[in-house]
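A.B. asks: from the sequence below, what's the structure:
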Amino acid sequence: MSKTRVYQLAKEFGMHAKEFLEELKDLGYNLKSHMSSLEEEEVKTIKEYFEEKLNENKKEKVVEEKKELPKKEETKKEKKVEHKKSKKNEKKKHFEHKKENKINKEIKEEEEIKEIKITKSELKLDILANKLGKGQNDIIKAFFMKGKVLRPGQTLTEEQAEEIAMMFNALLEITEEVKEEKIEKGSEKNDPEEILKERWNKIYKENEDKLIERAPVVTIMGHVDHGKTTLLDNIRNTRVAEKEAGGITQSIGAYQVNYEGKKITFIDTPGHEAFTEMRARGAQATDIVVLIIAADDGVMPQTIEAYNHAKNANVPIIVAINKIDKPNANVDLTKQQMVAKLNLIPEDWGGDTITVPISAKAGQGIDELLEMILLVAEMQEIKCYPEGLARGVIIESKLDKFLGPVATTIVKDGKLKVGDYFVAGSTFGKVRRMIDPSGKNVKMAGPSDPVQILGFEEVPDMHSILYGVKTLHEAKEYVEKKKALEEKVVQKRHIRLEDALRMMKEDGEQKTLNIILKADTFGSLEALKNAIAKLENPEIELQVIHGGIGAITKSDVMLATASDAVILGFRVKADSSAVKYAEHENIQIKRYDIIFNLIDDLKKALQGMLEPEEKEEITGSGEVKQVFKIKKVGNIAGIQLKEGYVERDGGVRLYRQGKLVYDGKIESLRHYKDEVKRIDAPKECGIKILNFDDINEGDEMEFYKYIQVERTLEFGKKEEN
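C.D. replies: This next block holds a predicted model:
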């Protein structure tokens, strides 16, 4: 028997999926979500009911229109209407008794309902449990029975808190913090960008009834060669909105499609690094992520990494299983890997992850994917404030030799017009010209519209937030304050292993120490994960938010910045770009070559006994160009220094294909025949490693030294704004 989904039936009656689901619940149908299936007989019964409901509304209109007719005619018509109404009432009887029972239950429950007030800062499981007069374990068990996992002391979302309250017959009122007024008074001392954020928060609160639905902004992510570009190209070439003959298509990093009368904006980003950097800077550009997995390849390391970035950003994920037209495609195996490696259960397997099989090359399944994007957007109720000055996110910026500083912006709220003044990061400007994805000049851009803006004084930071302001004076004043603040600002200090004890002392509630783990092999990674899982502390939980194989990259540091995590590496190197970015963002990277040392440091951190060590400083790196074998001396590596410098008294790590081979000391450092103390890049040099001769051409060397650092980690010191 064929089955019909709830959202498909809602579409048939021209109703919102959420509203239709509520109607069905009133009629006694206990359905899980808009993706739930209905049997043929149920569909028939529901259709009869809604058709009669529509007919009844039409007939009532006719009766109202004919009220002016003579009374005799009116009574005849009324009798006919009454006769038909009685027939309809008989058919509704099997619905009505269910509805009455439900109402009676609700009346009984309402008599026992408690009213509880809670502030946003108190949205934690232990605090809510106390207010409800329940134990945390009772709530955790009740949630576990529903297939949801909670942790003791966990910070809750408003939806989770309300769901818990309803389970225990309580009505929850979430109130704002009283401290908010103080922020407004002292706002001159704060970051001017924070003042604009506060202003927008106020606009949202005061104009809730004026908020409207906004077109979703979608990012496609996944492993290399799984078809991201092909899918984007297929959608862009076949469905770009308002395509004109002879129009010049211009790549501005984003474009918009029109499907079934509704718009969808796609961000054409280079990868999940940019996606996470947006998140790290507080610029939530994306509403929905489409995670693409090739059916012939399955879940790969970059798929897992992309998923962890999307999960950390807390946006809904749709999985597109691509390349289903290939002979070796295996959709079921791909779904099994989704469950095992990503913990994503497809909705047709009883989960809540929408999964769409597609062929980006052949164009198969694209319509269904776009339909699912619109459906998820409808269920998420993505809102915006459509009036007034604009707010948007800069997704790309560059210095064009003809146009000057330009940036691609996706407008999130308000209207951006030619002639408007704006600020973005530490720069400002006036909109001189706006270009849409088809290369046309536009005078105005509304919510979710991607446009390239000309008129910046300087190239803005990528992923900064653009705010429309009223006057040039306001824009200049903003930038002056911002630049003055940037000169004085003390960089945000992220969490370090040494801070575990301080975390435990704060508030007395359970905290989470986020860890990003990189290892040389899958075996090492699993062993480390298992060892970390066994470390227990009632006040602090260790959570591995991402684990991967290979070198520590800039992408890992971005994820650590966004999630406030420490990075632990086992027998792997850190890219020079990752090290520099970690220093800039104040992210701790700790590397080990013995599992015991890594676990021991974590144990000491949990016990508050981890002492700050000597600070390791990477001084430079180079590549082995040639190996000289000298009798009675050993192997000398001929090195081409790539960056930084090498010192004879320093340490050296040898990597082969990204994996650590040896970590030791330098025995001899020569420049031609001379023994030297230091050599700087890009010079060449000869290095003899102490007690080690297994050196091959193409190996990479990393040079480092330890510098003595006094303990200046201010455990009780507050961050400066």
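A.B. asks: just give me the neighbour total for residue 484.
C.D. replies: 11 (other CB atoms under 10 Å). Bear in mind the C-beta positions are built from the backbone N, C-alpha and C, glycine included.
A.B. asks: pretty sure it sits in a helix.
C.D. replies: Yes: counting by DSSP: H, G, I helix; E, B strand; the rest coil, residue 484 is found in a helix.
A.B. asks: how's this structure carved up into domains?
C.D. replies: 4-111, 113-175, 216-384, 391-488, 497-611, 616-707 (automatic domain parsing).
A.B. asks: got the ones you listed as TSV, with mean pLDDT and distance to residue 210 columns?
C.D. replies: Output for these, formatted as TSV (pLDDT from 0 to 100; distance: least, CB to CB, whole Å):
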stretch	mean pLDDT	distance to residue 210
domain 4-111	63	19
domain 113-175	77	21
domain 216-384	82	10
domain 391-488	89	11
domain 497-611	81	31
domain 616-707	90	54
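A.B. asks: now do the phi/psi pair for the spatially closest residue to residue 363 that is not a sequence neighbour.
C.D. replies: Once flanking residues are discounted, residue 363 sits nearest to residue 234: 5.7 Å by CB to CB, 6 or more residues apart in numbering. Dihedral pair for residue 234: phi -60, psi -50, per degrees, to the nearest 10.
A.B. asks: cool, and residue 456?
C.D. replies: phi -70, psi 140.
A.B. asks: same deal with residue 584?
C.D. replies: The phi/psi pair for residue 584 (degrees, to the nearest 10) is phi -60, psi -40.
A.B. asks: which ones are touching it?
C.D. replies: Residues near residue 584 by CB atoms under 8 Å, 6 or more residues apart in numbering: none.
A.B. asks: that one and residue 47, how far apart?
C.D. replies: Computed with CB to CB, to the nearest Å, the distance linking residue 584 and residue 47 is 61 Å.
A.B. asks: what do you get for residue 642?
C.D. replies: 70 Å.
A.B. asks: quick one: the strands in the stretch 301-450 of the chain?
C.D. replies: 317-322, 355-357, 383-384, 391-400, 404-413, 416-417, 421-424, 427-435, 444-445, 450-456 (DSSP state E, counting those that start in this stretch).
A.B. asks: of those strands, which is nearest residue 128?
C.D. replies: Residue 128 sits nearest to strand 383-384 of all the strands of the stretch 301-450 of the chain, at 26.4 Å, using CB to CB.
A.B. asks: partner strands of the closest one and their direction?
C.D. replies: Here strand 383-384 is paired, per DSSP bridges, with strand 212-213 (antiparallel).
A.B. asks: quick one: mean pLDDT for the strand it pairs with?
C.D. replies: Averaged across strand 212-213, the pLDDT comes to 92.
A.B. asks: report the strands that pair with the next helix or strand after that strand, each with its relative direction.
C.D. replies: On the C-terminal side of strand 212-213, the closest following helix or strand by DSSP states H and E is strand 217-222. Applying DSSP bridges, strand 217-222 is found paired with strand 262-267 (parallel), strand 288-294 (parallel).
A.B. asks: longest strand of the chain?
C.D. replies: strand 615-630 (DSSP state E).
A.B. asks: which parts of the very next helix or strand once past that one are buried?
C.D. replies: Next in sequence after strand 615-630, counting helices and strands by DSSP H and E, comes strand 634-647. By neighbour count on 16 or more other CB atoms under 10 Å, the buried set for strand 634-647 is 634-639, 641, 644, 646-647.
A.B. asks: show residues contacting the helix or strand hosting residue 21.
C.D. replies: Following DSSP H and E, the helix or strand that holds residue 21 is helix 17-26. Residues outside helix 17-26 that contact it (CB under 8 Å, 6+ apart) are 6-7, 9-11, 13, 15, 31, 33-34, 46, 99, 102, 375, 378-379, 381.
A.B. asks: just the buried subset of those residues, please.
C.D. replies: 6-7, 9-11, 15, 34, 46, 375, 378-379.
A.B. asks: just to revisit the earlier point, could you dump the domains of the chain to JSON lines with distance to residue 201?
C.D. replies: Below are the domains of the chain laid out as JSON lines (distance: least, CB to CB, whole Å):
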{"stretch": "domain 4-111", "distance to residue 201": "25"}
{"stretch": "domain 113-175", "distance to residue 201": "12"}
{"stretch": "domain 216-384", "distance to residue 201": "13"}
{"stretch": "domain 391-488", "distance to residue 201": "11"}
{"stretch": "domain 497-611", "distance to residue 201": "21"}
{"stretch": "domain 616-707", "distance to residue 201": "42"}
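A.B. asks: surely residue 29 meets residue 42?
C.D. replies: Yes: Residue 29 lies in contact with residue 42 (CB atoms under 8 Å); the separation is 7.4 Å.
A.B. asks: thinking again about what came up before, now for the buried residues of strand 634-647: which two are most distant?
C.D. replies: So, the buried residues of strand 634-647 by CB to CB: farthest apart are 634 and 644, at 25.2 Å.
A.B. asks: secondary structure class for the residue lying closest to residue 606 once chain neighbours are set aside?
C.D. replies: Using CB to CB, 6+ apart and skipping the chain neighbours, the partner closest in space to residue 606 is residue 537 (4.7 Å). Here residue 537 is recorded as coil under three-state DSSP.
A.B. asks: so how far is residue 607 from residue 537?
C.D. replies: Relative to residue 607, and taking CB to CB, residue 537 is found at 8 Å.
A.B. asks: so between these two, which is more surrounded?
C.D. replies: Neighbour count, other CB under 10 Å: between residue 537 and residue 607, residue 537 has more, with 16 against 12.
A.B. asks: make sure the more buried one is actually in contact with residue 603.
C.D. replies: No: look at residue 537 against residue 603 with CB under 8 Å: they stay out of range, at 9.5 Å.
A.B. asks: give me the three-state assignment for residue 531.
C.D. replies: Applying three-state DSSP: residue 531 is helix.
A.B. asks: for it, grab the count of nearby residues.
C.D. replies: 14.
A.B. asks: where does the residue most central in space within the chain fall, phi/psi-wise?
C.D. replies: For the chain, the residue sitting closest to the mean C-alpha position, by CA atoms, centre = their mean, is residue 313 at 1.9 Å. Per-residue torsions, residue 313: phi -80, psi -10 (degrees, to the nearest 10).
A.B. asks: ok, it touching residue 286?
C.D. replies: Yes: using CB under 8 Å, residue 313 makes contact with residue 286 at a distance of 7.0 Å.
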